[in-house]
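**Student:** I'd like to go over a predicted model; first the sequence, then the structure.
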Amino acid sequence: MRKADEFTIANTPITSIHLMENAAEAFVKSFSKDEGDENKNIAVFCGKGNNGGDGLAIARILSSSGYQNIKVYVVDFGKKQSDDFAINLQRLAGTKCKKYTINSLIDVKNITADIVIDAILGSGLNKPLTGDFAKLVQFINALKAKIYAVDVPTGFFADGILPKEYNGILAYKTICFQRPKINFFFPESITATENFEVVNIGLNENFIQQQHSDFYVIERSDAVKILQPRKRFSHKGSYGHALIIAGNTNTMGAALLCSMACLHAGAGLTTAYIPETGLVALNTLLPEVMFLPRDEYSRIENPSKYQAIAVGPGLGISEVNEKLLERLFDFEKPLVIDADAINILGENPDLCSRIPKNSILTPHIKEFDRLFGKHDNWWDRVQTARKQAEKLEVVILLKNQYSFVCAPNGKVYINETGNPAMAQGGMGDVLTGIIASFIAQSYSSVDASILACYIHGKAGDTLAKNNIVVTASNVANEISHELKNLICFKK
Ligand SMILES: NC(=O)C1=CN([C@@H]2O[C@H](COP(=O)(O)OP(=O)(O)OC[C@H]3O[C@@H](n4cnc5c(N)ncnc54)[C@H](O)[C@@H]3O)[C@@H](O)[C@H]2O)[C@@H](O)CC1
């Protein structure tokens, strides 16, 4: 982002002070949507760097937009001020904002506020908070005001490992500029900010796109680009045959959900390779899905007739299933590997080197750590996922509120769709079914994973508009509708 700032300043008529003004205006636009009451007491805490400069411009713009009770607190613990901070300090003089300087903690005693705007330190943070900064932040948190952070909550590292003990600002919302900070996608960030919103400040988009980064946020336009329309004269054979190896006596639902999702995501044919005890349920619930009986003696004849094979949901961990997984590896055909298939790998790590290239592993946090070792922070976990994806030449789709699709070339695609209403058993089984369906339809492993993550979360988002809980079968049933919505955007 810093490079993009510099490029925009050097190559467009936008100067750094303009960019700060854009940032402040974008902040105010978002803030005033949430906080329409212009009579609330707003305290704006400004450091003396560019984050503080943003805070001063925000206070001025809020005041000129009609907000009546704005107090600006300049935090002056002896740091040098930035040029744009100085310009905005002068500009503040002609406004109705009341300005105070905090030289020490004695100056904060009588401060009260309904809303705090935190512009003390932003992306310039280079070490954890200590001394007066730490104490001031503690004081602000204790005000029990609703805190909006400018770009980054003070004390929160935008990337890299987050310290175990967070002592920064506890924001209700962070309004950040142009691109989300990577650490916002990790669960640890919930302490620092309950929500975040990204606002455009007019940085040069072409330049940003050209910058080397291994992290990409999956956007709707990416999903639209990947998704292919169904063609005239096509038939079931045009959309591939997926084999779902899943389910056991007590976990047959996983196989049914996975097969259901595969069906709704458009595979031409879906076969469930499940124990005979699931046959009646399968025929009742999913008459379109074919049945292949699975027991300890059965074998998959002619695996080449399947364009996609998914293995794991509700499978159970046993020696028989370990052998089954080994035989699948012998086919040397990419697999979608989920749930108990991952757990079997966790118990037999030597098997990992035999995973067929371009397979897709879809672990949640526990499965991931069982397979690749315990991690005590998400930054490290994602780095391990990247390394293992490269080493094993597979896609690792690390599932969470924001899922990380780690490709064999080291790139990481972050999915933002999905919501807490989807936090229920069976969601992962549905995701696996969707991926298998896309693989059957000839999408590459990376594209299938990106598209599946996006559409799975999007279906959940649509359903969550009217439901507090969204079940896995609801999501499976919504997939086709979401795909149709997406295809309408294709030119
Ligand atoms: N042109 C630009 O670069 C733009 C920057 N913007 C704002 O500028 C911010 C970054 O500004 P700066 O680079 O000036 O940095 P900050 O304003 O975040 O921090 C100021 C200074 O604080 C010091 N510092 C770092 N960690 C500290 C700690 N733990 N305790 C005490 N002091 C510490 C550093 O010396 C740093 O330079 C962004 O977050 C954003 O809000 C926006 O105005 C958009 C345009």
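**Tutor:** Cool, got the structure.

**Student:** Which SSE is immediately downstream of the helix or strand harbouring Leu451?
**Tutor:** Using DSSP states H and E, Leu451 sits within helix 445-464. Once the chain leaves helix 445-464, the next helix or strand it forms, by DSSP H and E, is helix 472-487.

**Student:** Next to the ligand, which bits of this structure? Give me the list.
**Tutor:** Contacts of the chain with the ligand, taken as C-beta under 6 Å from any ligand atom, map to 5, 16, 19-20, 23, 47, 49-52, 54, 79, 82, 121-127, 129, 133, 150-152, 177, 201. In short, each C-beta sits where N, CA and C put it, glycine included.

**Student:** which of those residues are buried?
**Tutor:** 5, 16, 19-20, 23, 47, 49-52, 54, 82, 121-123, 125, 129, 133, 150-152, 177, 201 (16 or more other C-beta atoms under 10 Å).

**Student:** Where does the stretch 301-450 of the chain get nearest to the ligand, residue-wise?
**Tutor:** Of all residues in the stretch 301-450 of the chain, Trp379 sits closest to the ligand, at 18.6 Å by C-beta to the nearest ligand atom.

**Student:** Pull the number of nearby residues for that residue.
**Tutor:** For Trp379, the neighbour count with other C-beta atoms under 10 Å is 17.

**Student:** Specify the local secondary structure of Ile414.
**Tutor:** Secondary structure for Ile414, judged by DSSP: H, G, I helix; E, B strand; the rest coil, is strand.

**Student:** Look up the pLDDT of the closest residue to it other than its chain neighbours for me, please.
**Tutor:** Distance criterion C-beta to C-beta, 6 or more residues apart in numbering; nearest residue to Ile414, sequence neighbours excluded, is Val217 at 5.1 Å. Here the pLDDT value assigned to Val217 is 94.

**Student:** Run a quick neighbour tally on Val217.
**Tutor:** Val217 has 16 neighbours, counted by other C-beta under 10 Å.

**Student:** list the contacts for it?
**Tutor:** 179-180, 413-414, 416 (C-beta atoms under 8 Å, 6 or more residues apart in numbering).

**Student:** Looking at these, state which has the most neighbours.
**Tutor:** Neighbour max across the contacts of Val217 (other C-beta under 10 Å) = Tyr413, 22 neighbours.

**Student:** isn't there a strand covering Ile70?
**Tutor:** Yes - assessed by three-state DSSP, Ile70 belongs to a strand.

**Student:** For Lys305, give its distance to Ala223.
**Tutor:** In this view, Lys305 and Ala223 are 29 Å apart by C-beta to C-beta, to the nearest Å.

**Student:** between those two, who's got more neighbours?
**Tutor:** Counted by other C-beta under 10 Å, Lys305 and Ala223 do not tie: Ala223 has more neighbours, with 23 against 11.

**Student:** Might you report the residue contacts of that one?
**Tutor:** Counted by C-beta under 8 Å, 6+ apart, Ala223 has contacts 450-451, 454-455, 458, 486.

**Student:** 7 Å instead?
**Tutor:** Shown in contact with Ala223 (C-beta atoms under 7 Å, 6 or more residues apart in numbering): 451, 454-455, 486.

**Student:** Nearest to Ala59 among those residues?
**Tutor:** Distances from the contacts of Ala223 to Ala59 were compared by C-beta to C-beta; the smallest belongs to Tyr454, at 38.7 Å.

**Student:** Not counting its neighbours along the chain, what's nearest the closest one?
**Tutor:** Ala223 (4.3 Å).

**Student:** rewinding a little: would you list the phi and psi of the residue nearest to Ile414?
**Tutor:** phi -90, psi 130 (degrees, to the nearest 10).

**Student:** in this structure, which ranges drop under the pLDDT threshold?
**Tutor:** Applying pLDDT under 70 to the chain flags residues 1-5, 7-9, 11-13, 207-208, 210-211.

**Student:** centroid residue for it?
**Tutor:** Tyr402 (2.6 Å; C-alpha atoms, centre = their mean).

**Student:** burial count for the nearest residue to that one once chain neighbours are set aside?
**Tutor:** Distances taken as C-beta to C-beta, 6+ apart place Phe185 nearest to Tyr402, at 4.2 Å, with adjacent residues excluded. Applying other C-beta under 10 Å, we find 22 other residues in the vicinity of Phe185.

**Student:** For the residue nearest to the centre of the chain, give me its contacts.
**Tutor:** Per C-beta under 7 Å, 6+ apart, neighbours of Tyr402: 185, 414-416.

**Student:** which of the contacts of Val217 lies closest to Thr284?
**Tutor:** Glu416 (36.5 Å).

**Student:** Could you double-check that the residue nearest to Tyr402 lies in contact with Ile414?
**Tutor:** Yes - counting by C-beta atoms under 7 Å, Ile414 is a contact partner of Phe185 at 5.5 Å.

**Student:** Pop out the phi and psi values for the closest residue to Leu392 other than its chain neighbours.
**Tutor:** Leaving aside its sequence neighbours, Leu392 sits nearest to Ile355 (C-beta to C-beta, 6+ apart; 5.8 Å). Phi and psi for Ile355, reported as degrees, to the nearest 10, are phi -60, psi 130.

**Student:** Quick one: residues contacting Ile355.
**Tutor:** Counting by C-beta under 7 Å, 6+ apart, Ile355 makes contact with 329, 392, 394.

**Student:** In strands, which of the residues of the chain next to the ligand fall?
**Tutor:** 150, 177 (DSSP state E).
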